[in-house]
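Student: output the structure for:
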Amino acid sequence: MTLGAPLTLFNSLTRATAPFDPIEPGHARIYSCGPTVYHFAHLGNLRAYVFTDTLRRVLDWKGYAVTHVINITDVGHLTSDADAGEDKMEKAAAGSGRDIWEVAAFYTTAFKRDLHNLNILDPSRWSVATDHIDDMLAFAKAIEANGAAYTLDTGLYFDVTKVPDYGTLAGAPPQDDGGVARIAEVDGKRHPADFALWRNSPPGERRQMEWDSPWGRGAPGWHLECSVMSLKYLGRQFDIHTGGIDHREIHHPNEIAQNQAYTCTSATGANVWMHNNFLVTRDRDGHGGKMSKSKGDISTLQSLIDRGVHPLAYRLLCLSAHYRSELEFSGEAVLGALTRLRRLTIAVQALVDRHGEAHFPLDRTRLEEDLPDAGAALLAKFDAVVAADLMTPQALPLLDQAIATKALSVDEKLRVIASMDRVLGLGLLDLTRHALRLRPVDAVLTEEVIEARLAARREARAAKDFARSDAIRDELAVQGVEVMDGDPLGWDWRIAL
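Tutor: Sure thing, here's the model as predicted:
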């Protein structure tokens, strides 16, 4: 069958949705801002990579070859968006008493482990900032030679008045200090929005990561690395640049400005700029805000795993909201996603058991060819919604329909489900009910003990000894186990958060 819905994407640069038209027919080139590896990624950070992975899977679903680059920032990112202050990596190394290179390696490994646990595909290339210092020096020299940079004692600074329509991506009028101004001033800057291409180490201070440059010994600015690596590996103009919505206001406008000054054109680097919205949390009074490390409300993927929540429940939670919408995170929300994932898993595994194959084949031609009208219609609807700017909240009910429909045989259902899961990335044909029951690290009760207590509770209910039944329920609740009465698929309990 042909999946013919045109792929449309929202471009933050134009603030409009438009058909995707790659520079090279049939080939999509994507750059994604990666992590600064000074700490564990929090769940808000990881939402960006679930979004980007969904984009990549949809492109594959639509038949595009994909070249995808994700950078690793191990130098240059300060503790705020200011042009003065501590480098996040230097601060983390000093605070831990470890070598900065060890810090970078440790948190890079942790980040990649998080992506693996979320079933996120590896990029075509991991690009590490400190592997590209010579490239960054050459790039900054070219910008200076093109008249768009100037030197101060503190380093080399970009002059934002030298490029057209600076700040357009942020939605601010050109040269509007209120929209794109830097957070902290540096003596001698020509314009508040000017930013550092290269920061010299302060006099008398030696950093663990610093290099010689024409402007002094120091380190590159954070914005420089993404321009350098995206253009190096994807070309001076490529298809899509992704990142969190917080990058839309400063980091990405500065990338665009650098790209324009380097190429002496109005080219922005990427044709389409895509941004996912924040993961937000709310306090007891209902006040919300984005999840961040600085606020102290960090929740990592490993912290969920440690409490017995399968990481793919978080992926499913992300898919339940459109990437451009805020997503509210709470213990109840992620447990709801876990319950939904369990029900999907139980239903799909029942189909796999009936089909009689341990591993259903995932060859695309076998999945989608010769489907009856009911299966083809479901896939056509699924194609239409994911092609409409990755509308995954509308795609999930279609997965439910594929599982529940009586118009398809077991084989046909599994082929439709497996095809949809190529986009959703939940690994439904490989998940099992048992695999979803992770033991919390601080669990007092084993699964066997919980099942035994529930068996005793069922006996009490059958004997109409409701006092005993309630006592067992309350006893389990004290131990962090929530009894789920009336679950139609027989999932009797879950860990409470």
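Student: residues of stretch 225-238 that come out buried?
Tutor: Glu225, Cys226, Ser227, Val228, Met229, Ser230, Leu231, Tyr233, Leu234, Gln237, Phe238 (16 or more other CB atoms under 10 Å). Heads up, the C-betas are built off the backbone N, CA and C, glycines and all.
Student: can the residues you listed go into TSV with extra columns for pLDDT and secondary structure?
Tutor: Converted to TSV, the buried residues of stretch 225-238 look like this (pLDDT from 0 to 100; DSSP: H, G, I helix; E, B strand; the rest coil):
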residue	pLDDT	secondary structure
Glu225	97	helix
Cys226	97	helix
Ser227	98	helix
Val228	98	helix
Met229	98	helix
Ser230	98	helix
Leu231	98	helix
Tyr233	98	helix
Leu234	98	helix
Gln237	98	coil
Phe238	98	strand
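Student: show me the longest helix that occurs in this protein.
Tutor: helix 331-355 (DSSP state H).
Student: helix/strand/coil for Pro393?
Tutor: Put simply, Pro393 is helix when judged by DSSP: H, G, I helix; E, B strand; the rest coil.
Student: neighbours around it, how many?
Tutor: Applying other CB atoms under 10 Å, we find 14 residues neighbouring Pro393.
Student: next: the one 5 residues further on.
Tutor: A total of 20 residues lie near Leu398 under the criterion other CB under 10 Å.
Student: and the nearest residue to it once chain neighbours are set aside, how close does it get to Ser419?
Tutor: Distances taken as CB to CB, 6 or more residues apart in numbering place Phe382 nearest to Leu398, at 4.8 Å, with adjacent residues excluded. Separation of Phe382 from Ser419 (CB to CB, to the nearest Å) stands at 8 Å.
Student: ditto for Thr168
Tutor: In terms of CB to CB, Thr168 sits 39 Å off from Ser419.
Student: between these two, who's got more neighbours?
Tutor: Ser419 (24 against 18).
Student: looking at the more buried one now. What's its pLDDT?
Tutor: Reported pLDDT at Ser419 in the predicted model: 95.
Student: Pro6 now?
Tutor: The model's pLDDT for Pro6 equals 97.
Student: ok, now which ones touch it?
Tutor: Pro6 makes contacts with Pro19, Phe20, Ala387, as judged by CB atoms under 8 Å, 6 or more residues apart in numbering.
Student: also Leu426?
Tutor: Leu426 touches Asn119, Leu312, Arg315, Leu316, Leu341, Leu344, counting by CB under 8 Å, 6+ apart.
Student: is it located within a helix, as I assumed?
Tutor: No - using three-state DSSP, the secondary structure at Leu426 is coil, not a helix.
Student: so which elements touch the longest helix of the chain?
Tutor: In terms of contacts (3 or more CB pairs under 8 Å, 6 or more residues apart in numbering; DSSP states H and E), helix 331-355 is packed against helix 311-319, helix 392-404, helix 410-424, strand 493-495.
Student: between helix 392-404 and it, find me the angle.
Tutor: 30 degrees (axes from the mean of the first three to the mean of the last three CA atoms, to 10 degrees).
Student: buried sites along helix 331-355?
Tutor: By neighbour count on 16+ other CB under 10 Å, the buried set for helix 331-355 is 333-335, 337-349, 351-352.
Student: which other residues reach that helix?
Tutor: With CB under 8 Å, 6+ apart, helix 331-355 has contacts from 304, 309-310, 312-314, 316-317, 320, 358, 360, 399-400, 403, 410-411, 413-414, 417, 426, 428-429, 431-433, 436, 484, 489-491, 494, 496-497.
Student: need the mean per-residue confidence for it.
Tutor: 92.
Student: repeat for stretch 472-489
Tutor: On average, stretch 472-489 scores 74.
Student: now swap in stretch 107-125 and tell me
Tutor: 98.
Student: what about it, distance to the chain center?
Tutor: Stretch 107-125 sits 10 Å away from the centroid of its parent chain (CA atoms, centre = their mean, to the nearest Å).
Student: could I get the buried residue list for it?
Tutor: Burial within stretch 107-125, assessed by neighbour count using 16+ other CB under 10 Å, is assigned to 107-108, 110-112, 114-115, 117-121, 123-124.
Student: now do the end-to-end distance for that stretch.
Tutor: 18 Å (CA to CA, to the nearest Å).
Student: what does it rub up against?
Tutor: For stretch 107-125, the surrounding residues in contact (CB under 8 Å, 6+ apart) are 32, 34-35, 37-41, 46, 49-50, 53, 56-57, 66-70, 72, 74, 233, 300-302, 305, 311-312, 314-315, 425-427.
Student: at 7 Å instead, please
Tutor: Applying CB atoms under 7 Å, 6 or more residues apart in numbering, the contact partners of stretch 107-125 are 35, 37-41, 46, 49-50, 53, 56, 67-70, 72, 233, 301, 311-312, 314-315, 425-427.
Student: and if you look at stretch 301-316?
Tutor: 43, 46, 50, 114, 117-119, 334, 337-338, 340-341, 425-427, 436, 438-441, 495, 497.
Student: again with stretch 60-67
Tutor: 3, 7, 22, 26-30, 56, 59, 124, 234, 386-387, 422-423.
Student: nearest to Pro393, of those residues?
Tutor: Looking at the contacts of stretch 60-67 and their distance to Pro393, the nearest is Val386, at 10.7 Å (CB to CB).
Student: now do the contacts for the closest one.
Tutor: Val58, Trp61, Thr392, Ala395, Val423.
Student: in which helix or strand would I find Pro22?
Tutor: In this structure, Pro22 sits in neither a helix nor a strand according to DSSP states H and E.
Student: gap between it and Trp211?
Tutor: Taking CB to CB, one finds Pro22 at 36 Å from Trp211.
Student: residues in contact with stretch 405-420: which ones?
Tutor: Contacts for stretch 405-420 (CB under 7 Å, 6+ apart): 348, 351-352, 354-355, 360, 362, 367-368, 371-372, 374-375, 378-379, 382, 398-399, 402-403, 428-429.
Student: moving C-terminal of the helix or strand of the chain with the lowest mean pLDDT, what's the next helix or strand?
Tutor: Taking mean pLDDT, DSSP states H and E as the measure, the helix or strand of the chain with the lowest value is helix 177-180, at a mean of 45. Heading C-terminal from helix 177-180, the first helix or strand you meet, by DSSP H and E, is strand 195-200.
Student: who does that following strand pair up with?
Tutor: strand 155-158 (antiparallel), strand 218-220 (antiparallel) (DSSP bridges).
Student: okay if I get the contacts of Leu426 as a markdown table plus distance to Asp99?
Tutor: Output for these, formatted as a markdown table (distance: CB to CB, whole Å):
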| residue | distance to Asp99 |
| --- | --- |
| Asn119 | 32 |
| Leu312 | 35 |
| Arg315 | 34 |
| Leu316 | 38 |
| Leu341 | 40 |
| Leu344 | 45 |
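Student: just the closest of the residues you listed to Ala193, please.
Tutor: Of these, the one sitting nearest to Ala193 (CB to CB) turns out to be Arg315, at 37.3 Å.
Student: next, count neighbours for that closest one.
Tutor: 27.
Student: for Arg248, same thing?
Tutor: Arg248, neighbours per other CB under 10 Å, totals 18.
Student: now swap in Ala443 and tell me
Tutor: 18.
Student: follow-up on the earlier one: which among the contacts of stretch 107-125 end up buried?
Tutor: Using 16+ other CB under 10 Å, the buried ones in the contacts of stretch 107-125 are 35, 37-41, 46, 49-50, 53, 56, 67-70, 72, 233, 301, 311-312, 314-315, 425-426.
Student: so which of those belong to strands?
Tutor: Residues of the buried ones among the contacts of stretch 107-125 located in strands (DSSP state E): Thr67, His68, Val69, Ile70, Ile72.
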